[in-house]
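Trainee: What would the 3D arrangement of this be:
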Amino acid sequence: MPEALAYLPSMWPAYIAYIIAVASPGPAVFAIIGTSISQGRRAGVITALGISGGSLTWASAAALGLAALLRNYAIALEIMKVLGGLYLIYLAWKAYRSARVPNSQVAILNGGTSHTATQLWLRGYMIHVTNPKAIFAWLAIISLGLPENAPASAILMIIAVCIASGLMIFTGYAVLFSTPRALRGYRAARPWIEGTMAVFYTAAGLKLLTSRI
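Mentor: Purely as a prediction, here's the structure:
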């Protein structure tokens, strides 16, 4: 790893591109925000850890060259894409059902039903790992930041810094949207928030199902 430090200045374009990508609104960010404002900071952070775990899975796959394997086996890629799209639509259905429940019947945060840490982590992980497009995004990130003739450790450095940066951003969202003000706002506008999430997840799921990779 020390020899990779010499290439650090050349890797900044990759880091900047990754930070912009993870900070932009998407299924992962929506999941963290929705979980944080409805179940609290701890739940949001655990969801963020799951999403980061999914990102690390695809980063490792890209580094190992599995993208080329997926390209050669189109059926495997299509199956993963369908599963990912269906999972997002499933999340949309859950958000839609929640939006239709009156506030008086919804238990949130104190005294309410909550998910276990494992369930929260897996939900975050599945949101990211069921999107096969992520492996090609990682290929682009690694290629952008990898100088010519760089050692293999440079790839590890790119992945490590990107994952750490992404985790800080995701955790920041969890902290920001779990404040008392955010929780009060959620209680007041819960049906609209859940409805918006349902629309967003549906659009993201349909886009994944109909897109070409």
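Trainee: Give me the pLDDT for residue 210.
Mentor: pLDDT recorded at residue 210 is 82.
Trainee: At which residues are the helices of this protein located?
Mentor: Taking DSSP state H as the criterion, the chain contains helices spanning 8-23, 27-39, 41-63, 66-72, 74-100, 117-129, 133-145, 152-176, 180-210.
Trainee: Among the ones you listed, show me which one is buried the most.
Mentor: Ranked by mean neighbour count, the helices of the chain are led by helix 27-39 with a mean of 24 (mean count of other CB atoms under 10 Å). No exception for glycine: its C-beta is placed from N, CA and C like everyone else's.
Trainee: What is that one packed up against?
Mentor: helix 8-23, helix 41-63, helix 74-100, helix 117-129, helix 152-176, helix 180-210 (3 or more CB pairs under 8 Å, 6 or more residues apart in numbering; DSSP states H and E).
Trainee: In JSON lines, list those helices along with distance to residue 29.
Mentor: Output for the helices and strands packed on helix 27-39, formatted as JSON lines (distance: least, CB to CB, whole Å):
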{"stretch": "helix 8-23", "distance to residue 29": "8"}
{"stretch": "helix 41-63", "distance to residue 29": "9"}
{"stretch": "helix 74-100", "distance to residue 29": "13"}
{"stretch": "helix 117-129", "distance to residue 29": "10"}
{"stretch": "helix 152-176", "distance to residue 29": "6"}
{"stretch": "helix 180-210", "distance to residue 29": "10"}
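Trainee: Can you flag the weakest of the ones you listed by average pLDDT?
Mentor: helix 74-100 (a mean of 77).
Trainee: one step back: which one of the helices and strands packed on helix 27-39 lies nearest to residue 136?
Mentor: For these, proximity to residue 136 was assessed by CB to CB; helix 41-63 is nearest, at 7.9 Å.
Trainee: If I take that closest one and helix 133-145, what angle do their directions form?
Mentor: 70 degrees (axes from the mean of the first three to the mean of the last three CA atoms, to 10 degrees).
Trainee: Can you give me every residue that contacts the residue most central in space within the chain?
Mentor: Nearest to the mean C-alpha position of the chain, by CA atoms, centre = their mean, lies residue 28 at 3.2 Å. Neighbour list for residue 28: 22, 51, 124, 127, 128, 170 [criterion: CB atoms under 8 Å, 6 or more residues apart in numbering].
Trainee: try 10 Å
Mentor: The contact partners of residue 28, by CB atoms under 10 Å, 6 or more residues apart in numbering, come to 22, 47-48, 50-52, 54-55, 124, 127-128, 131, 134, 166, 170, 173.
Trainee: Alright, that wraps it up for me.
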